[in-house]
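# Sharing a model that was predicted from the sequence below.
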Amino acid sequence: MDMNDVATRGLVLLGCGKMGSAMLAGWLRSGLPPQSVYVIDPKPSDWLNKQGVNIGGDLPDNPAIAIIAVKPQMMAEALPDVKALGNGQTLVISIAAGTPIATFEKILGDQTPIVRAMPNTPAAVGRAITALIGNPKVKPEDMDLAEGLLWSIGQTVRLDSEDQMDAVTAVSGSGPAYVFHLIETLAAAGEAEGLPADLAMQLAKATVGGAGELAEDVDDSPTQLRVNVTSPNGTTQAALEVLMDEENGFPALLRRAVAAAANRSRELSRE
């Protein structure tokens, strides 16, 4: 199966909120015909209504892809819409956080090819990173297609087992919120040192955004980049002695934060 199959047989998108919209915008930019897309969403946005896709109404009998992009708490209500596509030739891709493949197999049938994916919110600017894992019914070409569809919002990685998804959720799925909070607190610390609030926020945003891009775009490791900025007995070293403290700094704090998120992900998958 390839993108020609998708254009011919159709793609069903269940849920078109921020993540669904980001993906749809990428597919349409890459040439997927709008008339090949069928969206199920109870409250279509103004943007969605202008895209020329099919909204509501009848679904194709045998679409190439069905993408589940609803929030986990909406899952029970939404899944009956695609239940008829189970145990067939339709590849189901879920980006619903905390919902294991077994849940979909139970509802759609265990012969359904299902890919579970975990993107993150930088999808809105094409800078997501999405982890994927498929069940045994997913063929290599199906996984290639799923990965190709998710390239529309950023990078992709394949996992060795679904057990890794809780840690992925804690690092990259929830991780943007940690960075946004870093920006908030860095700006607040600048204010505490006498900067106007708007200037402190501009400095914090640009610094975190620029440092992230630098870390991705150069060959040096983040460790080397940190060393490059740290002059002996200078200002950066003074700050890092606080941040790198093993008991009270970033190492212990982020270990606890990521562990809390991963544990909550495990709990949600059992509920």
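Great, that's in hand.
# From here on, just use CA atoms for contacts and neighbour counts.
OK.
# what are the ranges of the helices in the stretch 51-200 of the chain?
Counting by DSSP state H, counting those that start in this stretch, the segments of the stretch 51-200 of the chain that form helices are 75-78, 101-108, 140-150, 165-168, 175-192, 197-217.
# Name the residues of the lowest-mean-pLDDT helix or strand in the chain that are buried.
Ranked by mean pLDDT, DSSP states H and E, the weakest helix or strand in the chain is helix 75-78, scoring a mean of 73. Neighbour counts over helix 75-78 (16 or more other C-alpha atoms under 10 Å) mark 75, 78 as buried.
# before we move on, back to that, I'd like to know which of the helices of the stretch 51-200 of the chain is closest to residue 246.
helix 175-192 (18.4 Å; C-alpha to C-alpha).
# and that closest one, what other elements does it pack with?
helix 197-217 (3 or more C-alpha pairs under 8 Å, 6 or more residues apart in numbering; DSSP states H and E).
# ok, and what's touching the helix or strand following the helix it packs on?
Using DSSP states H and E, the next helix or strand after helix 197-217 towards the C-terminus is helix 222-229. With contacts defined as C-alpha atoms under 8 Å, 6 or more residues apart in numbering, helix 222-229 is touched by 215, 236.
# Now do helix 222-229: distance to the chain's middle.
28 Å (C-alpha atoms, centre = their mean, to the nearest Å).
# Give me the residues contacting the helix or strand that that helix is followed by.
Moving toward the C-terminus from helix 222-229, the next helix or strand (DSSP H and E) is helix 235-243. Helix 235-243 has contacts (C-alpha under 8 Å, 6+ apart) with 229, 230, 231, 248, 249, 250.
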